[in-house]
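Here is a sequence with its predicted model. Questions after.
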Amino acid sequence: MGGGGEADFMIHGVIKYHLFGQELWLTTTTVGLVIVTIVLLILAFAANRAIKRATDVPGTFQNIVELGVEMLEKMSGGILGKEAGRFANYIGTLFLFILFCNVSGLFGLRTVTADFGVTFLLGLVTFGIVQYQGIKNHGAGHFTGLFKPIPVLFPINLIGEFANPISISLRLFANMLSGVIIMGLWYGMMPILVKIGIPSVLHAYCDVFSGCIQTYVFCMLTMVYVNDKL
Amino acid sequence: MNISGQDFIYGCSAIGAGLAMIAGIGPGVGQGIAAGHGASAVGRNPGAKSDITSTMLLGQAVAETTGLYGLVVAIILMFVKPFG
């Protein structure tokens, strides 16, 4: 190992605090989350201003915002059909949030979604929406549906229901974590000469390409699960 | 050389992590098949390229899940050290 040194891809604590007698930490993930949220808020305010002062011949920023909204409507309309309007807001928020979290590795933060605490929460929100829609649209049939086609299959149906949030969150987490580990190994273990230039290819694959694909997949799967219960 | 019980457990954990990554074979074959069929579908009907691409990516991502479970098991064995 020419470069030597230690590979570093773990989550680090930043500030320690005590709550109800427990020792808790604000981690690098929390810092990344706050930065991503601030950036998204600034973008949202700027987009709101641009749309309020919309002109017939759109400027650059207004054009980008309209393009994004059109793509969102096309994406959600392709799966949810005429119900798309009710869920497009949530899907758009989710898409932007996960996209910015995935790409945050490019800007020197530790990739926010490479923390199972973040992705599992996103999966739980999806689970909650799916269950709420199931109970709202099918009533008691949502629970008796678990005993179909024959009652013996009840445990398998139950596992299938609870596996959704776990698989959807593990997929995002493991993809981003593998990128973080590869980048950490490369920066930590390689000699200094190959740390110039070559990592840009790895960043392009692990952060940008993989991040965009996984964002798309998470949103599509959320819509597919919701569509099953409509 | 003296090998303590702790070292033995760490070594076996590393072997187990390597064995868990055999799970990577399945998704590789599966995603390759999906990509091949996607390519032939685009060749037959170039107009439907965007639909075919999005369907292929979604299917590949779902097929990737089993390999990612293997990766998670390997990472837990290597870095979380549940048996040490």
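That came in fine, so what should we check first? Numbers count the residues shown, from 1 in each chain, chains lettered A, B, ... in the order given.

what packs against the worst-scoring helix or strand of chain B on mean pLDDT?
The least trusted helix or strand in chain B, going by mean pLDDT, DSSP states H and E, turns out to be helix B:49-63, with a mean of 88. Helices and strands touching helix B:49-63, by 3 or more C-beta pairs under 8 Å, 6 or more residues apart in numbering or on different chains; DSSP states H and E, are helix A:210-228, helix B:25-44. To be clear about C-beta, it is placed using only N, CA and C from the backbone, and glycine gets the same treatment.

among these, where is the model least confident on average?
Here the lowest mean pLDDT among these goes to helix A:210-228, at a mean of 90.

Run through who's touching it.
Under the criterion C-beta atoms under 8 Å, 6 or more residues apart in numbering or on different chains, residues A:75-76, A:79-80, A:83, A:87, A:91, A:94-95, A:98-99, A:102-103, A:105, A:122, A:126, A:129-130, A:133, A:164, A:168, A:171-172, A:175-176, A:179, B:54, B:57-58, B:61-62 lie in contact with helix A:210-228.

now the angle between helix B:49-63 and that helix, please.
Counting by axes from the mean of the first three to the mean of the last three C-alpha atoms, to 10 degrees, helix A:210-228 lies at 90 degrees to helix B:49-63.

Which residue, other than its chain neighbours, is closest to the one residue sitting closest to the centre of chain B?
The residue lying closest to the centre of chain B (C-alpha atoms, centre = their mean) is residue B:67, at 2.4 Å. In this structure, residue B:67 finds its nearest non-sequential neighbour in residue B:27, 3.6 Å apart by C-beta to C-beta, 6 or more residues apart in numbering or on different chains.

how near is the one you found to residue A:129?
In this view, residue B:27 and residue A:129 are 28 Å apart by C-beta to C-beta, to the nearest Å.

In terms of neighbours, single out the busier of these two.
The neighbour comparison of residue B:27 against residue A:129 (other C-beta atoms under 10 Å in any protein chain shown) goes to residue B:27, with 21 against 16.

what about the residue nearest to residue A:54 when sequence neighbours are not counted, distance to residue A:55?
Leaving aside its chain neighbours, residue A:54 sits nearest to residue A:62 (6.0 Å; criterion: C-beta to C-beta, 6+ apart). In this structure, residue A:62 and residue A:55 are 7 Å apart, going by C-beta to C-beta.

Please say which of these two ends up with more neighbours.
Taking neighbours as other C-beta under 10 Å, residue A:62 and residue A:55 compare with residue A:62 leading, 17 against 8.

Verify the stated contact: the more buried one with residue A:49.
No: Residue A:62 sits out of contact with residue A:49 when judged by C-beta atoms under 8 Å, with a separation of 9.8 Å.

right, so the helices and strands packed on helix B:49-63: which one is the most enclosed?
helix A:210-228 (a mean of 20; mean count of other C-beta atoms under 10 Å in any protein chain shown).

For the helix ranked longest in chain A, buried residues please.
Secondary structure of chain A per DSSP state H: the longest helix is helix A:154-189. For helix A:154-189, burial by neighbour count (16 or more other C-beta atoms under 10 Å in any protein chain shown) applies to A:161, A:164-165, A:167-181, A:183-184, A:186-188.

contacts with chain B among the residues you listed, please.
Filtering the buried residues of helix A:154-189 for neighbours of chain B using C-beta under 8 Å from any C-beta of the partner chain leaves A:167, A:170-171, A:173-175, A:177-178, A:181.
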